[in-house]
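**Q** starting from these lines, generate the structure:
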Amino acid sequence: MEFKDHVCELLNTIDACQVFFDITVNFDLTKNYLDLVVTYTTLMIILSRIEERKAIIGLYNYAHEMTHGASDREYPRLGQMIVDYENPLKKLMEEFVPHGKSLSDALISLQMVYPRRNLSADQWRNAQLLSLISAPSTMLNPAQSDTMPCEYLSLDAMEKWIVFGFILCHAVLNSDAGALSLWKLALQSSTCLCLFRDEVFHIHKAAEDLFVNIRGYNKRINDIRECKEQALSHAGSMHRERRKFLRSALKELATVLADQPGLLGPKALFVFMALSFARDEIIWLLRHADNIQKKSTDDFIDKHIAELIFYMEELRAHVRKYGPVMQRYYVQYLSGFDAVVLNELVQNLSVCPEDESIIMSSFVNTMTSLSVKQVEDGEVFDFRGMRLDWFRLQAYTSVSKASLGIADHKELGKMMNTIIFHTKMVDSLVEMLVETSDLSIFCFYSRAFEKMFQQCLELPSQSRHSICFPLLCTHFMSCTHELCPEERHHIGDRSLSLCNMFLDEMAKQARNLITDICTEQCTLSDQLLPKHCAKTISQAVNKKSKKATGKKGEPEREKPGVESMRKNRLLVTNLDKLHTALSELCFSINYVPNLAVWEHTFTPREYLTSHLEIRFTKSIVGMTMYNQTTQEIAKPSELLTSVRAYMTVLQSIENYVTIDITRVFNNVLLQQTQHLDSHGEPTITSLYTNWYLETLLRQVSNGHIAYFPAMKAFVNLPTENELTFNAEEYSDISGTDARASSPPLVCPHPTVTFAVNVMSCAQKLVVENMEVLTQMRTSFDKPDHMAALFKKLTSVDSVLKRMTIIGVILSFRSLAQEALRDVLSCHIPFLVSSVEDFKDHIPRETDMKVAMNVYELSSAAGLPCEIDPALVVALSSQKTENISPEEEYKIACLLMVFVAVSLPTLASNVMSQYSPAIEGHCNNIHCLAKAINQIAAALFTIHKGSIEDRLKEFLALASSSLLKIGQETDKMTTRNRESVYLLLDMIVQESPFLTMDLLESCFPYVLLRNAYHAVYKQSISANA
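**A** Numbers count the residues shown, from 1 in each chain. Have a look, this model is predicted:
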């Protein structure tokens, strides 16, 4: 009510003063007057659209009564206003009858501006509008116009002025041909106008409904219908062609200014005109696409709209970046030219009252005092006072009885309008950008906004412009108002959510393209694997014979690399398309380092980095091709090939976008060394560990696979049920090197843990036989007594089997360690040699804690150590409760005794025969050597015993026990006696604590020599 009263009072005052309005002369006064009329009209229309408005004011009055004890005194007037404005435009038409003269004068002044702005794209093109290079000789000349502020005036605002204005003072349409021409031109350009945000006003229907009840307006009604048909049939295509022209014009403008930013000074007007024109076309499309009134929608779907928005953002960025350049130019312009011209105009005025003279003089003085040094010193300029004084001066000089009438001095008005534009170039660049290129309206068309974004991503040629959508989210806060602070949070949250969604989708799209490229590259790398060359070799060998027989052979298999051979440049492969699409999208992601949206900063590259980490993690795990049901898994060498191909593609991403791909590798690959990644998902370490323990090593313990030291690999043994995999393909040199080359595949701790679990079972068997073993430990020189005690032992085979399993596990681990050492020696030879030097020069008297630290470092580098630190740590954590350290030490000693006295039983096993070809036994008992040495070293390090003494004791017991089987006459018991003798030599060779001299003192070397001779002779006869 108060607003309405103030508006009515102001309009009456303007009429009484007979104010002169001309948009080209007193621009600010005319523009604000027309804005006031349209705002008032819009408010009344929106008020009439509130369905429950009567109930709302009734509730308001009731609440007022409850609070203050009486109804609001303005309530009757408010209620009457609601009733009066049921049909707002009809009421306003009656209300504006006395204001018709002022309003029509202001509207008719648009004849010089609106038709010039509402031209077709062909007319723009012929005039070479916005082109800086069309006339090179005038490139440095300042862009000038008599109507500077009108050049970038919103077309949407002018159409609202014309449509609403001539509805309110419709009588002038019948009397003034110019007014009718403006009216019809506006009706032909649009079918609806924006009232407020996404609220629209359908022009033709509303105007027709109003005029149909006015006598003598049949001609106007026919005009409206003709204009509607014209708008429906031609407006869409006209605006489409405008957008097409503006895309090329803005691209040219942005490119030239990027190369020559100094042109922003003289050609600033072109920049703001371009921004305003583009903004008007985008808003027109947005509004009409959401309110389509025709069957064909092609004109309202623009898949290239992102390109236009992108060039707008590029121009905005140039203005923000080179603001000081523009300031320098216009400070000199104001002080060196504008001040001089204005001073001359003021001097030549025939009449100039004192007040006006003071204001004019202040303008000249303000501009004259400006200097470039102020810009260089970073001084903040503020010309708001000057602009407000000019507004006041327009009001003083526009009334009918003014001594200095601006209607008689239009040159002064036009010059001042130009000066005001120049001052804005110095102190209000940000405000000018908001005025000419604000697209915060997208906040209220979120569905259309998201649809445009999806269309942009779907079109590869447009994806490079997709960054404009997150950039638009930075506009949203400019649509908030200080009188409504409540919606700041709502609009801010919407801007954040949309910006986040856009950046996330862009990163996902880039990730998907990268994944597709990686898949293609992995396929190409797979073609180079050795397994694929067998068929090619076979074809080459059989080629001649096939030709001789005359039979049609199989078609030749394409060799790797054929895909790179191009017959002509027009051939485009799928990989080419993927790279092109990726480069376009990465340009967008890399366009800005960060975005500031409502006090939040977004970094587009971090979105891509995050998605690449997640996808790389999933891809690596997926490359293992692990099938839990069939227990199938990819060979380590093939996995490494795929991972390397994937990493090569990811490294190439740095050519497109500035991201730290090494950080991605570190984050992903280091997580893969653990059992679970940061998302709680299994890693390739856990998958391969489980497979090796549950599948390969389990088959070893079942006797289906043996460890061949000569081949340094596990090999399948001939059995009734063939295994589904070849163990050597997973454990040979290439397999172990592959595991070592990929850090996640080298994780020895699970194998050590498994060995310790087996070890704890063996210790339980020792506890069961503790009394007998204690007696045997001190009776090794009494053969008869030892034989009697041995018969009392239980679970002899179980102990040997468990120790063999431990040996197999430790042999598998040593393969991985050796491969790791080879790989690290290639990658970091100096560091490895330094670690090796540390290890080799540990003094014997060094404290064990210090030595263990060195051993731990050495083990991490893949170097063999006298004492395995991982085994020591694992065994230390397995200490049994309720057992004293002395008891644990005794159990450790007796375990060695148990193994030593049990060795002779191996001679009766058929599978215990030594094979010179593999340098081991088919039942893996040769792994006992490693198990005995490493278990002894670890146990007696933990219990602080003498490792050498315990191993000497073991050697004495073992040699004594094995010498006894030399006296046995039962051939079944001694069938593989010589093969078992060799175990002693293997144990000593493997041990850093035992020597051959010590063995010679316990076990005659002649027996070892004869044993070697026998097994080799037996092997030759068997092969024969």
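**Q** rest of the way, CA atoms for contacts and neighbours
**A** Will do.
**Q** which stretches of the stretch 551-700 of the chain form strands?
**A** 595-597, 600-602 (DSSP state E, counting those that start in this stretch).
**Q** quick one, which of the ones you listed is packed in tightest?
**A** strand 595-597 (a mean of 17; mean count of other Cα atoms under 10 Å).
**Q** so where is the stretch 551-700 of the chain shaky, pLDDT-wise?
**A** Along the stretch 551-700 of the chain, the parts satisfying pLDDT under 70 run over 551-556.
**Q** hmm, I was thinking of the stretch 751-900 of the chain
**A** Using pLDDT under 70, the stretch 751-900 of the chain drops low at 751, 754, 879-881.
**Q** so which residues of it form helices?
**A** Using DSSP state H, counting those that start in this stretch, the helices of the stretch 751-900 of the chain run over 770-777, 783-792, 796-827, 829-840, 848-860, 869-876, 885-902.
**Q** Lys577: which of those helices is closest?
**A** Of all the helices of the stretch 751-900 of the chain, helix 796-827 sits nearest to Lys577, with 35.8 Å by Cα to Cα.
**Q** helices or strands next to that closest one in the packing?
**A** Helix 796-827 sits against helix 697-701, helix 733-741, helix 749-768, helix 885-902, helix 928-942, with contacts defined as 3 or more Cα pairs under 8 Å, 6 or more residues apart in numbering; DSSP states H and E.
**Q** let me have those in JSON lines, extended by mean neighbour count and distance to Val83.
**A** Below are the helices and strands packed on helix 796-827 laid out as JSON lines (neighbours: other Cα atoms under 10 Å; distance: least, Cα to Cα, whole Å):
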{"stretch": "helix 697-701", "mean neighbour count": "19", "distance to Val83": "90"}
{"stretch": "helix 733-741", "mean neighbour count": "24", "distance to Val83": "84"}
{"stretch": "helix 749-768", "mean neighbour count": "18", "distance to Val83": "84"}
{"stretch": "helix 885-902", "mean neighbour count": "20", "distance to Val83": "99"}
{"stretch": "helix 928-942", "mean neighbour count": "23", "distance to Val83": "97"}
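**Q** redo those helices as a markdown table? Include distance to Val38.
**A** Output for the helices and strands packed on helix 796-827, formatted as a markdown table (distance: least, Cα to Cα, whole Å):
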| stretch | distance to Val38 |
| --- | --- |
| helix 697-701 | 85 |
| helix 733-741 | 73 |
| helix 749-768 | 78 |
| helix 885-902 | 95 |
| helix 928-942 | 91 |
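**Q** out of the strands of the stretch 551-700 of the chain, the one nearest Lys303 is which?
**A** With Cα to Cα, the closest approach to Lys303 among the strands of the stretch 551-700 of the chain belongs to strand 595-597: 24.4 Å.
**Q** low-confidence regions, the stretch 401-550 of the chain specifically.
**A** For the stretch 401-550 of the chain, the ranges with pLDDT under 70 are 544-550.
**Q** all the helices of it, residue numbers only.
**A** Counting by DSSP H, counting those that start in this stretch, the helices of the stretch 401-550 of the chain are 410-427, 429-437, 446-458, 468-472, 486-527, 533-549.
**Q** please work out which of those is packed deepest.
**A** helix 468-472 comes out most buried of these by mean count of other Cα under 10 Å, with a mean of 22.
**Q** and this protein, what are its domains?
**A** Following the TED database, one gets these domains for the chain: 483-529+574-682, 694-717+737-1023.
**Q** what separates the residue nearest to the spatial centre of the chain from Ile653, distance-wise?
**A** The centre of the chain sits closest to Leu608, judged by Cα atoms, centre = their mean, with a distance of 1.9 Å. Using Cα to Cα, to the nearest Å, Leu608 is found at 11 Å from Ile653.
**Q** sorry, back to before: need the strands of the stretch 551-700 of the chain in JSON lines (columns: distance to Asp298).
**A** Listed next are the strands of the stretch 551-700 of the chain as JSON lines, based on distance: least, Cα to Cα, whole Å:
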{"stretch": "strand 595-597", "distance to Asp298": "33"}
{"stretch": "strand 600-602", "distance to Asp298": "35"}
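**Q** for Ile359, find the nearest of those strands.
**A** strand 595-597 (40.9 Å).
**Q** what about Thr685, how many residues close to it?
**A** 24 (other Cα atoms under 10 Å).
**Q** actually Phe476, not the one I typed
**A** Phe476 has 24 neighbours, counted by other Cα under 10 Å.
**Q** show me what contacts it?
**A** Phe476 is in contact with Leu439, Ser440, Ile441, Phe442, Cys443, Ile491, Gly492, Ser495, counting by Cα atoms under 8 Å, 6 or more residues apart in numbering.
**Q** which two from those residues end up farthest apart in space?
**A** With Cα to Cα as the measure, no two of the contacts of Phe476 lie farther apart than Leu439 and Gly492, at 14.9 Å.
**Q** correct me, but Ile805 touches Gly703?
**A** No. Using Cα atoms under 8 Å, Ile805 makes no contact with Gly703, being 10.7 Å away.
**Q** tell me which of those two has more neighbours.
**A** The residue with more neighbours, out of Ile805 and Gly703, is Ile805; 25 against 17, by other Cα under 10 Å.
**Q** tell me how far the closest residue to the more buried one other than its chain neighbours lies from Tyr707.
**A** In this structure, Ile805 finds its nearest non-sequential neighbour in Ser701, 6.3 Å apart by Cα to Cα, 6 or more residues apart in numbering. Separation of Ser701 from Tyr707 (Cα to Cα): 11 Å.
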